[in-house]
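S.K.: Need a 3D model of the following:
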Amino acid sequence: QVQLVESGGGSVQPGGSLRLSCVASGHSVGSHALGWFRQAPGLGREFVARIARGGKTTYGASVKDRFTISREGASVYLQMSSLRPEDSAIYYCAADQVYAGVRTEVREYEYWGQGTRVTVSS
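M.R.: Sure thing, here's the model as predicted:
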């Protein structure tokens, strides 16, 4: 079992920045890939970013070049810049026991946090 706890959500104006954090705990968490997804009201859960074995990163098309995922031990971070109103959503941290590769589907991640809300509005 892996437990995930997110923090760092909040409200920010368009063009602003925000940093999300997620602390992972549990068995073999060090051998899990960690990722971020988001879900806006009325929409499905969308892949945002993933960091896998060797620090390999993958980003969703809508956030590439604006968001940066990083990992330090059992913690994963999402640095969000140039935020837009369409980035408003609940952001979820997720863990995938398949440590390598590019995996962007919700069904590929076994463990999920409770989410943290991000609102981008003027």
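
S.K.: quick one: residue 21 and residue 9 touch, right?
M.R.: No - at 9.8 Å, residue 21 does not count as touching residue 9 under the criterion of CB atoms under 8 Å. Where C-beta positions appear, they are placed from N, C-alpha and C, glycine not excepted.

S.K.: okay, now residue 100: neighbour count?
M.R.: Using other CB atoms under 10 Å, residue 100 has 11 neighbouring residues.

S.K.: which residues touch residue 91?
M.R.: Applying CB atoms under 8 Å, 6 or more residues apart in numbering to residue 91 gives the contacts 6, 9, 20, 36, 37, 38, 48, 78, 115, 116, 117, 118.

S.K.: give me that answer again for 7 Å
M.R.: Contact analysis of residue 91 by CB atoms under 7 Å, 6 or more residues apart in numbering lists 6, 9, 20, 36, 38, 115, 116, 118.

S.K.: host element of it?
M.R.: strand 89-96 (DSSP states H and E).

S.K.: What is the helix or strand following that strand packed up against?
M.R.: Next helix or strand after strand 89-96 toward the C-terminus (DSSP H and E): strand 111-112. For strand 111-112, the packing partners by 3 or more CB pairs under 7 Å, 6 or more residues apart in numbering; DSSP states H and E come out as strand 2-7, strand 89-96.

S.K.: All set, thanks.
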